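# Mind looking at a prediction? Sequence and model below.
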Amino acid sequence: MKRRMFIQTAGLLSASLSSQSKPNKVIEPLIIATWKNEKATQAGYEKLLQTGNALDGVEAGARIPEADPNDTSVGYGGFPDRDGHVTLDACIMDHKGNAGSVTFLENIMHPISVARAVMEKTPHVMLSGKGAYDFAISQGFKPDNLLTEKAKNAWEEWKKESKYEPKINIERHDTIGLLGLGKNGEIAGACTTSGLAFKMHGRVGDSPIIGGAVFCDDEVGGACATGLGEFVMKTLGSFLIVEFMRQGKTPQQACEEAVMRIVKRYQYKEFQVGYLAINKKGEYGAYSIQKGFSFTITQKGVTQVIESKSYMS
C-alpha cells in the first residue's frame with residue numbers, strides 16, 4: 001500500500017513539474033490597419049499598452065486619420081458628397097460582441113468615439129443622421145466644420161463635369177479599418193470613413209455595418225475591410241472571414257476565400273476590395289482584388305507597412 005502511494009505521489013509531482021517547465025505562450029499585443037497608416041497603428045499600440053484594452057487601441061488609432069486634414073477619405077478633410085456635405089460613417093466592436101455604429105453623421109470630428117458611446121451608453125447599435133449628431137452633442141462632442149479648403153476645391157472641380165465613377169484609380173479607397181489584439185488575447189475592431197468622394201447625398205457604405213466593415217468573435221478572431229463598400233455589404237465580408245477561420249482556415253486563407261466570393265459573382269476588374277484578419281494566436285492575413293493594397297502593423301514596438309497579396313497581379 002505504501003509503495004503504491006509513493007508511486008502515485010511521485011507521478012503527480014512529476015506531472016506538476018512538467019507542466020511548470022512549459023509556460024503558457026505569451027501573447028504579443030498588436031494593432032493592424034488597412035493601408036499605409038503608421039501614425040494610426042503606433043498611436044493605437046501605445047494606447048493598448050497603456051490601458052491593456054484592445055478596444056482603446058483601435059479607437060485611438062482611428063482618431064488619427066479622422067483628425068488629419070490631408071486624409072481626403074476619413075473625417076476632417078474628407079471629400080464631400082455631390083451636394084458638398086462631408087458625411088461620416090464609423091463602427092466599433094469589442095471582444096464581447098458589443099458593437100456601436102454611426103452613419104450619415106455631419107460636423108463631428110471623431111465618429112469612431114461617437115460609435116463607441118452608442119455602444120456603451122445606449123441600448124442600440126446604430127444611430128444615423130441628425131439623431132447621431134444630437135446624441136454626440138449630448139455626450140459632449142463639439143461641432144466642427146469638416147470641409148477643408150482642399151476638399152472644397154476638389155468638389156468644385158468635380159462639379160464641372162459631375163462624372164461619378166466609383167472605380168479603381170478614380171475613387172480613393174483608403175477607408176481605415178483596424179484590428180487590435182490585447183495582452184489577454186481579446187480582439188477588437190474599428191472602421192471609420194467619409195465614404196466615396198462625390199457620392200449621392202445619403203449614401204452609406206460598409207464602414208458602419210457590423211459584419212461588413214468589421215467583425216470580431218473572441219473565440220476565433222477578427223476581420224476588417226476596405227474598398228468599394230457596396231460589394232463588402234453584399235457579401236458581409238468581415239463576418240464571412242471570421243466564420244471561415246472558425247472552420248479552421250488561417251487568416252490568410254479566410255481573406256482569400258472572402259475575396260473569391262466577390263470575384264466569382266461580380267464584375268470585379270474595375271474596383272478594389274481588401275481584407276485584413278487576425279486570429280487568437282496573433283496570426284494575420286491580408287488579401288485584395290487588385291494589387292496595390294497595403295496594410296500596417298505595429299507589434300513589439302516595431303511598425304511595418306506590408307504589401308498585400310492580390311487576386312489580380
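Sure thing, it's come through.
# what about stretch 211-228, start to end distance?
15 Å (Cα to Cα, to the nearest Å).
# buried set for it?
Within stretch 211-228, the residues that qualify as buried are 211-218, 220-228, counting by 16 or more other Cβ atoms under 10 Å. Heads up, the C-betas are built off the backbone N, CA and C, glycines and all.
# Ok, stretch 80-93 next?
Judged by neighbour count using 16+ other Cβ under 10 Å, the buried positions of stretch 80-93 are Pro80, Asp81, Arg82, His85, Val86, Thr87, Leu88, Asp89, Ala90, Cys91, Ile92, Met93.
# likewise stretch 94-106?
By 16+ other Cβ under 10 Å, the buried positions in stretch 94-106 come out as Asp94, His95, Ala99, Gly100, Ser101, Val102, Thr103, Phe104, Leu105, Glu106.
# rewinding a little: nearest to Leu179, of the buried residues of stretch 80-93?
Distance to Leu179, by Cβ to Cβ, is smallest for Met93 among these, at 9.9 Å.
# Could you tell me which of the buried residues of stretch 94-106 belong to strands?
In strands, defined here by DSSP state E, the members of the buried residues of stretch 94-106 are Ala99, Gly100, Ser101, Val102, Thr103, Phe104, Leu105.
# Just send those back as TSV, with distance to Ser113 too.
As requested, these are exported to TSV (distance: Cβ to Cβ, whole Å):
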residue	distance to Ser113
Ala99	14
Gly100	10
Ser101	12
Val102	10
Thr103	15
Phe104	17
Leu105	11
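# now, which of those residues sits nearest Lys160?
Checking those against Lys160 with Cβ to Cβ, the nearest one is Phe104 at 26.4 Å.
# dump the residue contacts of the closest one.
Phe104 makes contact with Thr87, Leu88, Asp89, Ser128, Gly129, Ala132, Gly202, Val204, according to Cβ atoms under 8 Å, 6 or more residues apart in numbering.
# From Asn145, how far off is the nearest residue to the fifth one once chain neighbours are set aside?
Excluding the flanking residues, the one nearest Gly129 by Cβ to Cβ, 6 or more residues apart in numbering is Phe104, at 4.5 Å. As judged by Cβ to Cβ, to the nearest Å, Phe104 and Asn145 stand 17 Å apart.
# can you list contacts of stretch 148-162?
If you take Cβ under 8 Å, 6+ apart as the criterion, stretch 148-162 is touched by 69-70, 72, 76-80, 82, 84, 86, 197-198.
# and the gap between His124 and Ser308?
34 Å.
# So if I had to pick from these two, which one is more boxed in?
Set side by side, His124 and Ser308 show unequal neighbour counts under other Cβ atoms under 10 Å, the larger going to Ser308 at 21 against 12.
# Settle this for me: that one is touching Gly274, isn't it.
Yes - applying Cβ atoms under 8 Å as the test, Ser308 and Gly274 come out as touching, 6.2 Å apart.
# who's in contact with the residue nearest the centre of the chain?
If you average the C-alpha coordinates of the chain and look for the closest C-alpha using Cα atoms, centre = their mean, you land on Gly177, 2.6 Å from that point. When contacts are counted by Cβ under 8 Å, 6+ apart, Gly177 touches Ala33, Thr34, Gly189, Ala190, Cys191, Ser207, Ala213, Val214, Cys224, Ala225, Thr226, Leu276.
# Out of these, which sit inside strands?
In strands, defined here by DSSP E, the members of the contacts of Gly177 are Ala33, Thr34, Gly189, Ala190, Cys191, Val214, Cys224, Ala225, Thr226, Leu276.
# Mind putting the residues you listed into TSV with distance to Pro251 and pLDDT?
TSV is the format used below for these (distance: Cβ to Cβ, whole Å; pLDDT from 0 to 100):
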residue	distance to Pro251	pLDDT
Ala33	15	98
Thr34	14	96
Gly189	13	98
Ala190	18	98
Cys191	17	98
Val214	15	98
Cys224	11	98
Ala225	14	97
Thr226	16	95
Leu276	8	98
